[in-house]
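**Q** fold the following, please.
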Amino acid sequence: MNTIQKTILLFLISFISIVKAQTTKTEVWVNGDCGMCKERIEKTAKKYGATTAEWNDESKMLNISFDATKSSVDKILEKIAEVGHDNEKYKAKDEVYEKLSGCCHYDRAETPPQKNTASVVAAESTEVQPSVTINKQEAPKEEDEHAGHNHEKIKDKTIEGVTITKAQQSTALSRKSADLTFKIDQKELLKAACCNLSESFETNATVDVSFANAVTGAKQLKMLGLDQKYTALTKELMPEIRGLASAYGLNFIPGRWIGGIQLTKGGSTVTSGYEGITGQINTELLKFNKNPETNLNIFADFQGRTELNLTQTSSIDDHWDQSILLHGNGTFGNIDDNKDGFLDRPKGNQLNAAYLLNYNDLGHSGLGSHFGINFLKDNRKAGQMDYNWQLPQNMQSAYGVGIDTQRFQVWNKTGFVFPGKPYQSIGWMNQFTYHQQDSFYGARNYNGNQKTYFSNLIFESIIANTNNKYKVGASFLLDVYDENYLAQLFKRTETAPGVFAEYTLTGDKYTLVAGVRTDFHNLAGTQVSPRLNFKYDILPTTILRLSAGKGFRTANVLAENQHYFASNRVLEIMNNGGNIYGLKPEIAWNYGASLQQEFKLFNRKATLVADFFRTDFQNQVLVDLDNPQKIMLYNLNGKSFANSFQAQLDFSPVKNLDFRVAYKYYDVEADYISGRKEIPFMAKNRGFFNVAYATNKNTNDAFWSFDTTVQFVGKQRLPDTTTNPLAFQLPPFSKEYITINAQIAYQFNKKIRAYFGGENLTSYEQKAPIVDVKNPFGNYFDSSMIYAPIMPANFYIGFDVKF
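**A** Purely as a prediction, here's the structure:
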């Protein structure tokens, strides 16, 4: 090489080095909400110096590269604010924000995520269903040679469970998720009393909550027109309310422990198991977020219930944080407003404690882990007012109900991101549950013990680029049941090893998630469950979703129907040749379609969501109540289906004033032995209205908030009681009714909050909720024919203090 060539080569090397040194890459937070926001943000960034710009509508992070000699982060962010988008350095002018399209009216209360913090909140979406949800420290960014159009940086990466979370609306519909998933946070939960999970849906139009029994006070959820047993109720993405916990498990998760809820309608991802036929409700527990926090909650209502909650979240060091969750409640006094001789609500108490420990080193070693332990003791006493609790059951002349529950859980979720491959990870979940219930209903004894072990291993990676993702994994579920009903023993062991695979294809306007799982159940046989979710962005403001999926479950007919034990119906299980109580497993397909439309109303953002779902049972265990002296359980011989339609409108006519209006229609029928009939206790028509208002904060961060929910419940078919004496017969259909719940809260400052509320303010009560109430040991006594509230208006007061 001659001197001239060497000189030219050195010049080129120097020039390239200078150019590379002047090219800066960074990631900044910019607020926005939709596809139009994305286009505006990226266009503005490029106009004012960015050579590349890509904004993620879920993480709100803008990745930019620019020539440092010609532009700067400060200049780009200033210009982005000028076109209406708040960011980590500049706030947009109010008049500019108001002129944005309705769909672009993002939540201005959102703030940039804290860097170098570790917290566990909720999964970003069920499209990438996490096994460990851990906020990780920001790591140096690496270019990925496999990156496609939607390449995700380490900071946004979900390890099949390890994900960055952000502030969001109190109830938000995930735009990115291929399925119809609503994310509910603490702000929404604080709008009502929310003493436990059963009361966490008072301001939600999707889930129906009702009393299942006039004596025990048990509440049940319904979704898509079917009982909660067809919905996967999980905690930290692991099985929670199932088996022996079916009847009273909603009371076992205190409301103040809940960090967030993800509610998915229709068949969810195959990675979450085989039991969710109508959807999934996942509860995330409180975890450390930004700053150490201790919260004390004191609650009391006018019907004798008191409650104390103490939660503490803190950081141990750079990698470890912890949560301590304590709960105690008691219901005291003998309340009998309708003067029928029975307690209107059970007395009793509950002690509940949990400890969570989180390890987070995702940005360095790639390892994250979550450990939890929970112990619960719950005692309930119900029945006639003159029941003497000092005497043994066999010496009683009055009718009583006693339910004692002890529950212990320990679990771990661990995830690992492969070095240099932020798109590739592995997650492993393990949980052990011990559940013991000892109970009696009058002269009937029911005792049950359940031991459950659950394990789920998930590997996630890509094919060529991040537009093509896949997950493969294996799961194992072990249930050991030991039940004793009326001195008759029911013992069984269920084992269900399974394997699954899921593929996600992402395009500019669409997302396709297709999966299949195969479970080898020792009693239900080999079951193949395919599931598919598809999302298409017709316009930036119009989203279409389609879904189809199959699921199965084994019916725990004693535990799931024990609210009927507080009657003198005779339990009759018809042997259909199956291996579970003589019954075959329940198998069903679920199909769904939804349309999400964003638009301007009152010159502000509004969202309309309309969805239709149908569930078709290939096999089902029917609970036949049309003989008033029996509870007949048998497998379906014919057709059983549930059609569900819902339309919901969310809008805000002025600042701080939010409206939610919804209508639901259910068509749910099954072929019983006596012919095709509507499922009982299911209203065809339901209406929902919620309004929430908050005043502006003053200089001390004090403000008032007001919330009111009105629900209309249409008539419901009631079980046939025509063979009873005339005095103990029910009409074929119930009456329509309306309930109103309301709450007023005052936030004195960032530390202290007080609230006062009322439930069932219309005081609508079901008249004579207990059939033949004067003769509880007679043939016609029945406390399970409940279709409406059984107590008048109830008022409550509470205080929240942060330390």
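**Q** identify the neighbouring strands of the strand or helix carrying A232 in the sheet and state each direction.
**A** When secondary structure is defined by DSSP states H and E, A232 falls within strand 231-235. Sheet partners assigned to strand 231-235 using DSSP bridges are listed as strand 238-239 (antiparallel), strand 279-285 (parallel).
**Q** could you single out the most deeply buried of those strands?
**A** Comparing the strands paired with strand 231-235 by mean neighbour count (mean count of other C-beta atoms under 10 Å), strand 279-285 ranks first with a mean of 26. Using the backbone N, CA and C atoms, a C-beta is placed for each residue, glycine as well.
**Q** give the next helix or strand downstream of that strand.
**A** Scanning onward from strand 279-285 (DSSP H and E), the first element met is strand 293-301.
**Q** in its sheet, what does that next one sit against?
**A** Strands that pair with strand 293-301, judged by DSSP bridges, come out as strand 305-315 (antiparallel), strand 794-802 (antiparallel).
**Q** and the strands in the stretch 1-150 of the chain, which stretches?
**A** Per DSSP state E, counting those that start in this stretch, the stretch 1-150 of the chain carries strands over the ranges 23-29, 50-55, 61-67.
**Q** what's the closest non-adjacent residue to V480?
**A** With sequence-adjacent residues excluded and distances taken as C-beta to C-beta, 6 or more residues apart in numbering, V480 is closest to K451, at 4.5 Å.
**Q** now that neighbour: how far from R407?
**A** When C-beta to C-beta, to the nearest Å is the yardstick, K451 and R407 sit 11 Å from each other.
**Q** and for the two, which residues touch both?
**A** Taking C-beta atoms under 8 Å, 6 or more residues apart in numbering as the contact criterion, the common neighbours of K451 and R407 are 433-435.
**Q** what ranges do the helices span in the protein?
**A** Shown for the chain, the helices assigned by DSSP state H span residues 3-22, 35-47, 73-82, 94-98, 186-189, 557-560.
**Q** what packs against the second one?
**A** What that stands for is helix 35-47. strand 50-55, strand 61-67, helix 73-82 (3 or more C-beta pairs under 8 Å, 6 or more residues apart in numbering; DSSP states H and E).
**Q** quick one: buried residues of it?
**A** Under the neighbour-count criterion of 16 or more other C-beta atoms under 10 Å, helix 35-47 has 35-38, 40-42, 44-45 buried.
**Q** format those as a markdown table; extra columns: distance to F66.
**A** Supplementary listing: the buried residues of helix 35-47 in a markdown table, determined by distance: C-beta to C-beta, whole Å:
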| residue | distance to F66 |
| --- | --- |
| G35 | 24 |
| M36 | 23 |
| C37 | 20 |
| K38 | 18 |
| R40 | 18 |
| I41 | 14 |
| E42 | 13 |
| T44 | 13 |
| A45 | 8 |
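**Q** now those as TSV including pLDDT and distance to D337?
**A** Formatted as TSV, the entries for the buried residues of helix 35-47 read as follows, by pLDDT from 0 to 100; distance: C-beta to C-beta, whole Å:
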residue	pLDDT	distance to D337
G35	76	54
M36	81	54
C37	89	53
K38	88	56
R40	93	58
I41	95	58
E42	92	62
T44	95	63
A45	95	64
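**Q** got any ranges where the chain has weak pLDDT?
**A** Of all residues in the chain, those with pLDDT under 70 make up the ranges 1-23, 102-103, 114-171.
**Q** who's in contact with I752?
**A** Residues near I752 by C-beta under 8 Å, 6+ apart: 799-802.
**Q** out of those residues, which is most surrounded?
**A** In terms of neighbour count, D800 stands highest of the contacts of I752 at 19 neighbours, by other C-beta atoms under 10 Å.
**Q** how about that one: what's its closest non-neighbour residue?
**A** With C-beta to C-beta, 6+ apart as the measure, R753 is the residue that lies nearest to D800, at 4.2 Å, once sequence neighbours are left out.
**Q** L250 too?
**A** The shortest distance from L250 to any residue that is not its chain neighbour, by C-beta to C-beta, 6+ apart, is 3.7 Å, and that residue is S198.
**Q** circling back: residue contacts, the residue nearest to V480?
**A** Contacts here follow C-beta under 8 Å, 6+ apart; on that basis K451 touches 432-435, 478-480.
**Q** make TSV out of the helices and strands packed on helix 35-47 and add distance to I335 and mean neighbour count.
**A** Shown next, in TSV, are the helices and strands packed on helix 35-47 (distance: least, C-beta to C-beta, whole Å; neighbours: other C-beta atoms under 10 Å):
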stretch	distance to I335	mean neighbour count
strand 50-55	56	19
strand 61-67	53	21
helix 73-82	57	19
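**Q** make TSV from these and add distance to A694 to it.
**A** What follows is these, written out as TSV (distance: least, C-beta to C-beta, whole Å):
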stretch	distance to A694
strand 50-55	29
strand 61-67	28
helix 73-82	25
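**Q** the strand holding A232: how far from the chain's middle?
**A** 8 Å (C-alpha atoms, centre = their mean, to the nearest Å).
**Q** next, find the distance separating the spatially closest residue to V417 that is not a sequence neighbour from P112.
**A** Spatially, and ignoring its direct neighbours in sequence, V417 is nearest to G366 (4.0 Å; C-beta to C-beta, 6+ apart). When distance is defined by C-beta to C-beta, G366 is 25 Å away from P112.
**Q** these two - which one has more neighbours?
**A** Set side by side, G366 and P112 show unequal neighbour counts under other C-beta under 10 Å, the larger going to G366 at 24 against 17.
**Q** surely the more buried one and G420 touch.
**A** No - because the distance of 9.5 Å does not satisfy C-beta atoms under 8 Å, G366 is recorded as not touching G420.
**Q** and for G49, nearest residue in space, chain neighbours not counted?
**A** Here the nearest residue to G49 in space, its sequence neighbours aside, is S71; by C-beta to C-beta, 6+ apart that works out to 2.4 Å.
**Q** ditto for D227
**A** Distances taken as C-beta to C-beta, 6+ apart put Q220 closest to D227, at 6.5 Å, once the chain neighbours are dropped.
**Q** quick one: contacts for that neighbour?
**A** Taking C-beta under 8 Å, 6+ apart as the contact definition, Q220 lies against 209-212, 227-228, 250, 563.
**Q** burial count for the nearest residue to R676 once chain neighbours are set aside?
**A** Nearest residue to R676 in three dimensions, chain neighbours excluded: E669, at 5.7 Å (C-beta to C-beta, 6+ apart). By the measure other C-beta under 10 Å, the count of residues near E669 is 16.
**Q** how about E669, what does it touch?
**A** For E669, the residues meeting the contact criterion (C-beta under 8 Å, 6+ apart) are 639-641, 676-679.
**Q** would CSV of those with distance to N724 and neighbour count be doable?
**A** Formatted as CSV, the entries for the contacts of E669 read as follows, by distance: C-beta to C-beta, whole Å; neighbours: other C-beta atoms under 10 Å:
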residue, distance to N724, neighbour count
K639, 29, 13
S640, 27, 23
F641, 30, 17
R676, 23, 11
K677, 18, 15
E678, 20, 15
I679, 21, 21
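**Q** list just the nearest of the residues you listed to Y470.
**A** Of all those, Y470 sits closest to F641, with 33.3 Å by C-beta to C-beta.
**Q** okay, and the beta partners of the closest one?
**A** F641 has the following beta-bridge partners by DSSP bridges: D616, E669.
**Q** end to end, how far does stretch 210-226 reach?
**A** The first and final residues of stretch 210-226 sit 13 Å from each other (C-alpha to C-alpha, to the nearest Å).
**Q** could you give me the buried positions within it?
**A** Under the neighbour-count criterion of 16+ other C-beta under 10 Å, stretch 210-226 has 210-226 buried.
**Q** ok now that stretch, how far from the chain's centre?
**A** For stretch 210-226, the distance to the chain centre is 17 Å (C-alpha atoms, centre = their mean).
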